[in-house]
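Student: give me coordinates for this.
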Amino acid sequence: MLITTAQKALETVKSGDKIFIHSVSAVPHYLVNALVARADSLKGIEIYHLHTEGEAP
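Tutor: Now for the predicted structure:
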C-alpha cells in the first residue's frame, strides 16, 4: 500500500528548513533523492545526520 510519494512528502520542505536524516541502514534513500531533485529550488537548507559505529559513550 502506497500512502504517498517521496516527492509529495517533501512538498512542505522550504528554503531555510532544518532536516534530520537518519543514518546508516535507516537512511530514507527515496526521500534523500527526492530532496536532491529539488536542490535548485531550495536555499539555506541545513541537514543534520549522525553516524556512530561501535561504542558512543
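
Student: okay, and the beta partners of Ile19?
Tutor: Beta bridges link Ile19 to Ile47, judged by DSSP bridges.

Student: tell me which residues touch it, please.
Tutor: Going by CB atoms under 8 Å, 6 or more residues apart in numbering, Ile19 touches Val13, Leu35, Ile45, Glu46, Ile47, Tyr48. Quick note: C-beta positions are derived from backbone N, CA and C, even for glycine.

Student: neighbours around the fourth one, how many?
Tutor: Spelled out, it's Glu46. By the measure other CB atoms under 10 Å, the count of residues near Glu46 is 9.

Student: tell me the predicted confidence for it.
Tutor: Note for Glu46: predicted pLDDT of 96.

Student: pull the contacting residues for it.
Tutor: Asp17, Lys18, Ile19.

Student: now do 10 Å
Tutor: Counting by CB atoms under 10 Å, 6 or more residues apart in numbering, Glu46 makes contact with Gly16, Asp17, Lys18, Ile19, Phe20.

Student: closest to His29 among these?
Tutor: His29 has its nearest neighbour among the contacts of Glu46 in Ile19, at 14.5 Å by CB to CB.

Student: relative to Ala37, how far out is the closest one?
Tutor: Using CB to CB, to the nearest Å, we find Ile19 at a distance of 14 Å from Ala37.

Student: returning to what we had before: most neighbours among the contacts of Glu46, which one is it?
Tutor: Ile19 (15 neighbours).

Student: tell me the pLDDT of it.
Tutor: 94.

Student: need the contacts of Ile19 in CSV with distance to Thr4, can you?
Tutor: Below are those laid out as CSV (distance: CB to CB, whole Å):
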residue, distance to Thr4
Val13, 14
Leu35, 15
Ile45, 21
Glu46, 24
Ile47, 21
Tyr48, 23
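
Student: show the buried residues in the residues you listed.
Tutor: Among those, those buried by neighbour count (16 or more other CB atoms under 10 Å) are Val13, Leu35.

Student: helices and strands around the longest helix seen in the chain, which ones?
Tutor: Secondary structure assigned by DSSP state H gives helix 29-37 as the longest helix of the chain. Where contact means 3 or more CB pairs under 10 Å, 6 or more residues apart in numbering; DSSP states H and E, helix 29-37 is packed against helix 6-9, strand 18-20.
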